[in-house]
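Undergrad: no letters, just coordinates:
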């Protein structure tokens with residue numbers, strides 16, 4: 001099997017955090033870097049991302065808005081898929097279910113995305129969103145990506 005790419009696996013990554021951030025910047029040139037967040041850790045089966053929301057991400061009452069949280073969960077899931085399959089821009093969200101668990105106060109927001117299943121055509125992930133304590137998530141998403 002010389003010259004063929006290794007099969008995709010949840011036990012190995014093809015892109016590290018630096019490569020993921022570079023790909024995101026290239027794939028989304030019109031988004032502001034601080035609006036999409038960035039990957040801080042990429043290891044087999046897990047990606048951690050961080051975003052520092054600005055005032056535009058707040059909803060009335062001074063909390064981080066639901067769309068900001070869901071978009072961030074989706075970004076972390078996308079990064080996790082890419083970490084395992086490589087730079088495939090057309091991997092797309094096919095399902096995202098988000099649960100709001102507690103108020104999301106302003107400040108740095110983190111996402112821990114874990115691969116539940118990586119198949120040839122679908123990837124299923126769990127994403128936990130948290131602020132100051134990973135053991136007290138503010139939200140949780142189940143995200144499925146279609147792989148081209």
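TA: That came through fine. On a predicted model such as this, the values are computed, not experimentally measured, just so you know.
Undergrad: quick one: buried residues of the helix or strand bottoming out on mean pLDDT in the chain?
TA: For the chain, scoring each helix and strand by mean pLDDT, DSSP states H and E identifies helix 33-36 as the least confident one, at a mean of 75. If you call a residue buried by 16 or more other CB atoms under 10 Å, then helix 33-36 has these buried ones: 35-36. To be clear about C-beta, it is placed using only N, CA and C from the backbone, and glycine gets the same treatment.
Undergrad: partners of the helix or strand following that helix in the sheet?
TA: Note on helix 33-36: by DSSP states H and E, the next helix or strand toward the C-terminus is strand 38-43. Taking DSSP bridges as the criterion, strand 38-43 forms sheet pairs with strand 46-51 (antiparallel).
Undergrad: and the contacts of the partner strand?
TA: When contacts are defined by CB atoms under 8 Å, 6 or more residues apart in numbering, strand 46-51 is touched by residues 17, 20, 34-41, 68, 72, 75-76, 79-80, 83, 108-115.
Undergrad: scan the protein for its longest helix.
TA: Using DSSP state H to assign secondary structure, the helix with the most residues in the chain is helix 66-85.
Undergrad: sheet partners, orientation included, of the very next helix or strand once past that one?
TA: Toward the C-terminal end, the helix or strand that comes next after helix 66-85 (DSSP H and E) is strand 92-100. Sheet partners assigned to strand 92-100 using DSSP bridges are listed as strand 139-146 (antiparallel).
Undergrad: report the angle between the axes of the partner strand and helix 66-85?
TA: Strand 139-146 runs at 50 degrees relative to helix 66-85, counting by axes from the mean of the first three to the mean of the last three CA atoms, to 10 degrees.
Undergrad: buried residues of strand 139-146, list them for me.
TA: Buried positions in strand 139-146, judged by neighbour count with 16+ other CB under 10 Å: 139-145.
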